[in-house]
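A.B. asks: no sequence on this one, just coordinates:
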Ligand code: SF4
Ligand code: SF4
């Protein structure tokens, strides 16, 4: 097992623990707004206009207003903190971009107005084979293989010069300017943002788990209210 795979396995374990803790925290917040003298459960079907339904509506509001606002405020904070770190020009992110979508699927998404797909296709072209991609970042390809991730397409940018410089730097799209904007993405060891990622990883895991819980609870509650 590679060092990278070890790290991802450890991260998954940490995520499960954080997820369980944040589930308790959010459940606690939802219990705190439970109507006085009501002893029902939040995830039960109640009749229209009952106390139970009022609680469920308040819970949806709490999840999607107060809790979500706090999540996105913290997310913005960690993204703003990234400006303290800098790209060192290793060019790995220009030489290897992965997507779960094939070029045809990306084209279809772009035609349907997907801005990310449009930007992605404006710079990246597919590698002819996985072996070519492997030469850029072998550990990463191995990680995908060890985790059975088969539905991955590998791309690279032809605008990168032999000297590892962007030949269209002034006009590079926003996705290049924003990289890495996902605090949980896997970064090459040499990446200048690796220290940022390592530092904010625990809070990014916590926020990610909270987003998952909020989405799941909201969906459940909306179904119960229908
Ligand atoms: S446009 Fe420039 S910065 Fe963006 S991927 Fe290509 S070479 Fe890299
Ligand atoms: S992987 Fe990181 S350091 Fe390397 S070019 Fe991309 S942003 Fe810069």
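C.D. replies: Sure, I can see it. Predicted model only: the values in this text are computed from it and were never measured. Numbering: from 1, shown residues only. Ligands and ions are numbered 1, 2, ... in the order given.

A.B. asks: packing partners for the helix of greatest length in the chain?
C.D. replies: Looking across the chain with DSSP state H, the single longest helix is helix 194-225. Taking 3 or more CB pairs under 8 Å, 6 or more residues apart in numbering; DSSP states H and E as contact, the helices and strands that helix 194-225 lies on are helix 3-32, helix 51-62, helix 68-81. To be clear about C-beta, it is placed using only N, CA and C from the backbone, and glycine gets the same treatment.

A.B. asks: chain center to the first one: distance?
C.D. replies: Read it as helix 3-32. Relative to its parent chain, helix 3-32 has a centroid offset of 15 Å by CA atoms, centre = their mean, to the nearest Å.

A.B. asks: same check on the shortest one?
C.D. replies: When C-alpha coordinates are averaged (CA atoms, centre = their mean), helix 51-62 and its chain have centres 28 Å apart.

A.B. asks: in that helix, what's buried?
C.D. replies: Of the residues in helix 51-62, those with enough neighbours to count as buried (16 or more other CB atoms under 10 Å) are 52, 53, 55, 56, 59, 60, 62.

A.B. asks: and for stretch 100-116?
C.D. replies: For stretch 100-116, a neighbour-count test (16+ other CB under 10 Å) marks 101, 106, 109, 110 as buried.

A.B. asks: can you redo those residues as CSV with pLDDT, distance to ligand 1 and secondary structure?
C.D. replies: Formatted as CSV, the entries for these read as follows, by pLDDT from 0 to 100; distance: CB to the nearest ligand atom, whole Å; DSSP: H, G, I helix; E, B strand; the rest coil:
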residue, pLDDT, distance to ligand 1, secondary structure
101, 96, 17, coil
106, 97, 15, helix
109, 97, 19, helix
110, 97, 16, helix
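
A.B. asks: any idea of the mean pLDDT in stretch 215-226?
C.D. replies: Averaging pLDDT along stretch 215-226 gives 97.

A.B. asks: can you give me the buried ones in it?
C.D. replies: Residues 217, 221 are the ones in stretch 215-226 that count as buried (16+ other CB under 10 Å).

A.B. asks: hmm, what's the outermost residue in this structure?
C.D. replies: residue 37 (40.2 Å; CA atoms, centre = their mean).

A.B. asks: residue 78 against residue 200, yeah?
C.D. replies: Yes - Residue 78 lies in contact with residue 200 (CB atoms under 8 Å); the separation is 4.5 Å.

A.B. asks: so the two - more neighbours on which side?
C.D. replies: When residue 78 and residue 200 are compared on other CB atoms under 10 Å, the one with more neighbours turns out to be residue 200, at 20 against 17.

A.B. asks: which residues are in contact with each of residue 78 and residue 200?
C.D. replies: Overlap between the contact sets of residue 78 and residue 200, as judged by CB atoms under 8 Å, 6 or more residues apart in numbering, is given by residue 183.

A.B. asks: near residue 176, how many other residues are there?
C.D. replies: Using other CB under 10 Å as the criterion, residue 176 is surrounded by 20 other residues.
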